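**Q** Have a look; sequence and predicted model below, questions after that.
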Amino acid sequence: MRAIFAFVGLSLWAASSLAAPASSQLMYLGVWPHTVLVMDSAQGKIVDKIDLPTDIVRTLVLSPDEKTLYASTLKDNSIVSIDLATRKVVDKFSLNTYDTNYRIGGFAVDPTGKFLYTFATPVVKKIDHYEIDPPQILEISLAARKITRIVPYPKDEPPPTGYRNTIRVSPDGKLLYLFRNNVMIFNTSDFKLVKKIELAKPTDPSSDGSFAGLVNDPNEPSGKVIGIFDSSDPYVHRRVFGIAELDLANMTYDLTPVGPAAEEMEPLMLTPDRKLGYTVSVYGTQGDRVTEFWVFDMKTKKIIDRRQFLGRTRLAFGMTADGSKLMIYNAGFEIELYDAKTLELLHTINLEGDTTSNLVVMPLKKSA
């Protein structure tokens, strides 16, 4: 979802090593076995590696001041803090207790940078067996290096699933958003559910809806979320998709239906000027599987270009901070970079290990 159109041609790509200091665009990605790669999208290569002392990276989240990268790791359920200036691990602590493992499903940082919020499933060790407790909402203090609040997840709501649920915090830190089939909004003061946005309601109150998982987008408007949603009617189950715009500060939203939904749709990415949006759609399975790039005019919310490409069985979608390249990664050891203007394959980055986390793209530096 988002950004200006800065097309970087092949000649510039070949000379990128000369321009790298001025146009450096850094990205971070977790790979097997327990490494965070530092990549420069302008140069199209790995420029550094950060080894974690804990375990496999599951989720990466950037701090509000963009100086720290937080990682959650798999086996030990740890939170690891990485200083981006030195690219060193500066802190790590496990959420586990002597009898409970907390399997967290993604997390978000509050605007002050003091707390992390997450949804977790406790796994409790008994004398001769393990028990899976109902999901909980956790507040984690980075200063105290431990869980400081635990509140039961609402019993009448479907439990959060997956290990990378998308969570956002409002600019004032008072609201916690969970994006799943619907958008659930909690007060951070007591973790009470204050509002639920049922994505399909504007067109049919009885239909089912879902929100395409959000990703780190360096061009996302401050305090807002712009993404893909889809819904279906309860009679013939015809699915349609649209573009949702949510204001995190006041809980308002706008849903614009666009057309028939694909079987799978990746999150929306924007160019820097937010005039164009990009996503990936998937139709069919196995030998009939078709993957396409879709390009949107964000003013009219219309598809203005589309192109098939050779996609993977499982994939994740991203965009460079300058909006010039689209990226396909996950379920493999390469990132494929495509030209955002022509939608042609430009280059691949060998990750030297299978991907294990989401991709974090650093915003472009503001000129003085």
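**A** On my side now, so go ahead.
**Q** partners of the helix or strand where residue 47 lies in the sheet?
**A** Taking DSSP states H and E as the criterion, the element that holds residue 47 is strand 45-51. Partner strands for strand 45-51, per DSSP bridges, with pairing direction: strand 35-40 (antiparallel).
**Q** hmm, back to that, so which residues make contact with the strand holding residue 47?
**A** 26, 34-40, 82, 87-89, 349-352 (C-beta atoms under 8 Å, 6 or more residues apart in numbering). Heads up, the C-betas are built off the backbone N, CA and C, glycines and all.
**Q** can you map out the helices along the stretch 1-150 of the chain?
**A** In the stretch 1-150 of the chain, the helices defined using DSSP state H, counting those that start in this stretch lie at 10-14, 16-23.
**Q** just for the stretch 101-250 of the chain, where's the confidence low?
**A** The stretch 101-250 of the chain contains residues with pLDDT under 70 at 161-165, 199-214, 233-234.
**Q** one more time with 80, if that's ok
**A** Along the stretch 101-250 of the chain, segments meeting pLDDT under 80 span 105, 159-165, 180-181, 198-216, 231-238.
**Q** ok, back up a step: so for the strand holding residue 47, what's the average pLDDT?
**A** On average, the pLDDT along strand 45-51 is 95.
**Q** so what's the nearest residue to residue 362 once chain neighbours are set aside up against?
**A** Excluding the flanking residues, the one nearest residue 362 by C-beta to C-beta, 6 or more residues apart in numbering is residue 26, at 4.7 Å. When contacts are counted by C-beta under 8 Å, 6+ apart, residue 26 touches 38-41, 47, 362.
**Q** among the residues you listed, who's most crowded?
**A** Within the contacts of residue 26, residue 41 tops the neighbour count with 27 neighbours, counted by other C-beta atoms under 10 Å.
**Q** unless I'm mixing things up, it is touching residue 337, no?
**A** Yes: counting by C-beta atoms under 8 Å, residue 337 is a contact partner of residue 41 at 7.3 Å.
**Q** Overlap in contacts, these two.
**A** In contact with both residue 41 and residue 337: 320, 325, 327, using C-beta under 8 Å, 6+ apart.
**Q** Verify the contact between the first one and residue 41 for me.
**A** Yes: judged on C-beta under 8 Å, residue 320 makes contact with residue 41 at a distance of 4.2 Å.
**Q** Overlap of the contact sets of those two?
**A** Shared contacts of residue 320 and residue 41, counting by C-beta under 8 Å, 6+ apart, come down to 25, 27, 327, 337, 361.
**Q** Shouldn't the third one be within a strand?
**A** Yes: assessed by DSSP: H, G, I helix; E, B strand; the rest coil, residue 327 belongs to a strand.
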